[in-house]
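> The following block contains a protein sequence and its predicted model.
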Amino acid sequence: MKKIISTTEAPAAIGPYSQAVRAGSLVFCAGQVPLDPKTAQIVSEDIVEQTRRVLDSVRAILKAEGLTLANVVKTTVFLSDFGDFQKMNEVYATYFTESAPARSTVGVSTLPKNARVEIEAIAFDDSGAAGKTASDTSG
C-alpha cells in the first residue's frame with residue numbers, strides 16, 4: 001500500500017504528482033525546484049539561495065512524515081548549468097553533514113519554471129513505524 005505525503009511547508013506540486021509517496025519503509029520525494037511555498041515563485045536567480053530553498057522543501061516534506069535529512073539514502077541533483085556545481089555542492093554539504101547519502105548529479109538543458117537546480121530524494125524509515133499500515137491520505 002502506498003501513502004501520499006503532503007505539506008504546506010513545501011511548494012505544492014505543479015503537475016499531476018505527489019510531493020512524496022511512502023511505500024513500506026521507503027519515502028520517495030518528488031524533485032523539488034526552488035519555489036516559495038506561499039507564492040509558488042522562484043525564490044531567486046542565485047544558485048545558493050535556490051539550493052537552500054530546494055533542500056528546505058525536501059526537509060519539510062520528510063518532516064511531515066516524521067523523518068529528517070539523516071534518513072535520506074539517495075539524492076539526484078539536476079543542474080541547468082553545470083558551472084553551478086561547486087556552489088550547489090557547498091550548500092548541499094551544510095545540509096548533509098554526517099553520513100551523506102548516495103548522489104547522482106546530472107546536467108540538463110532546462111528545468112521547470114527555469115529553475116537552476118532540482119533535487120529529488122529517497123529516504124529510509126528505520127524506526128519501525130514503517131511496519132504499520134499506511135493509508136492513502138490524498139482525499
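Sure thing, it's come through.
> Measure how buried residue 72 is and give me the count.
24 (other C-beta atoms under 10 Å). For the C-beta atoms, the positions are set from N, CA and C on the backbone; glycine is no exception.
> and if you look at the one 10 residues further on?
The tally of other residues near residue 82 (other C-beta under 10 Å) stands at 12.
> for the most centrally placed residue in the chain, what are its contacts?
Centroid-nearest residue in the chain, with C-alpha atoms, centre = their mean: residue 58, separated by 3.3 Å. Taking C-beta atoms under 8 Å, 6 or more residues apart in numbering, we find residue 58 in contact with 10, 29, 32, 69, 72, 119, 121.
> That one belongs to a strand?
No. Counting by DSSP: H, G, I helix; E, B strand; the rest coil, residue 58 falls outside a strand, being helix.
> how much space is there between it and residue 116?
16 Å (C-beta to C-beta, to the nearest Å).
> related to what we said a few turns ago, now go through the contacts of residue 58 and say which are in strands.
29, 32, 72, 119, 121 (DSSP state E).
> biggest separation within these, which pair?
32 and 72 (12.4 Å; C-beta to C-beta).
> what about residue 4, which SS state?
Note that with three-state DSSP, the state of residue 4 is strand.
> And it, how close does it get to residue 11?
With C-beta to C-beta as the criterion, residue 4 and residue 11 are 16 Å apart.
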